[in-house]
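Colleague: Sequence and predicted structure below; questions after.
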Amino acid sequence: MPSLFTRIISGELPGRFVWRDPDVVAFLTINPLKPGHTLVVPRREVDDWVDMDAALSAKVFAVSQRIAKGVAAAFPCKKVGVIVAGLEVPHVHVHLVPMTDLHDLDFDNQDRNPDPRALDDAATRLRAALTSLGFAEASA
């Protein structure tokens, strides 16, 4: 059975994409820790990040760096936190979270009922930041 993320990537379920290329996509999470919280996901289903081959791992983390630069440009923060937890969906995904302190990375603080307009605005802001940074693939 396809993972939740595979269903989003295929268009079966909606997603607020900010990046698409042949190997990797990025979209906003529906339960953000902070505005701009983005997931970077390989198109290929791999359950655990340690099981990705070297080429896919390099690509996922290279895209994560680009997206993090966009997050930092679009959302006020000291740094962009990175978490690869992988317990909630059996499909590798890198969480990128704008943060000012470590409490911003506490999953107990997820917004479980975010305003869809706020998510749309965050996606628009992030796409614009990625484009302004010269990341052509950002046109989702």
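Modeller: Thanks, I have it. This structure is a prediction, so every number in the text was calculated from the model and none was measured.
Colleague: Which residue lies nearest the spatial centre of the protein?
Modeller: L39 (1.9 Å; C-alpha atoms, centre = their mean).
Colleague: Could you list everything it pairs with in the sheet?
Modeller: Beta-bridge partners of L39, counted by DSSP bridges, are F27, H95.
Colleague: That one contacts L28, doesn't it?
Modeller: Yes: using C-beta atoms under 8 Å, L39 is in contact with L28, at 7.5 Å. In short, each C-beta sits where N, CA and C put it, glycine included.
Colleague: how about low-confidence regions in this structure?
Modeller: Low-confidence segments of the chain, defined by pLDDT under 70: 137-140.
Colleague: Could I get the full set of helices for it?
Modeller: 4-9, 54-74, 116-132 (DSSP state H).
Colleague: Now mean neighbour count too, for those, in JSON lines please.
Modeller: Putting those into JSON lines (neighbours: other C-beta atoms under 10 Å) gives the following:
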{"stretch": "helix 4-9", "mean neighbour count": "19"}
{"stretch": "helix 54-74", "mean neighbour count": "18"}
{"stretch": "helix 116-132", "mean neighbour count": "17"}
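Colleague: Columns distance to D23 on top of those helices, output as TSV?
Modeller: Converted to TSV, these look like this (distance: least, C-beta to C-beta, whole Å):
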stretch	distance to D23
helix 4-9	11
helix 54-74	5
helix 116-132	17
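Colleague: among those helices, which is nearest D47?
Modeller: helix 4-9 (11.1 Å; C-beta to C-beta).
Colleague: gap between T6 and V60?
Modeller: Note on T6: its distance to V60, by C-beta to C-beta, to the nearest Å, is 15 Å.
Colleague: I misspoke; the intended subject was G81.
Modeller: Separation of G81 from V60 (C-beta to C-beta) stands at 16 Å.
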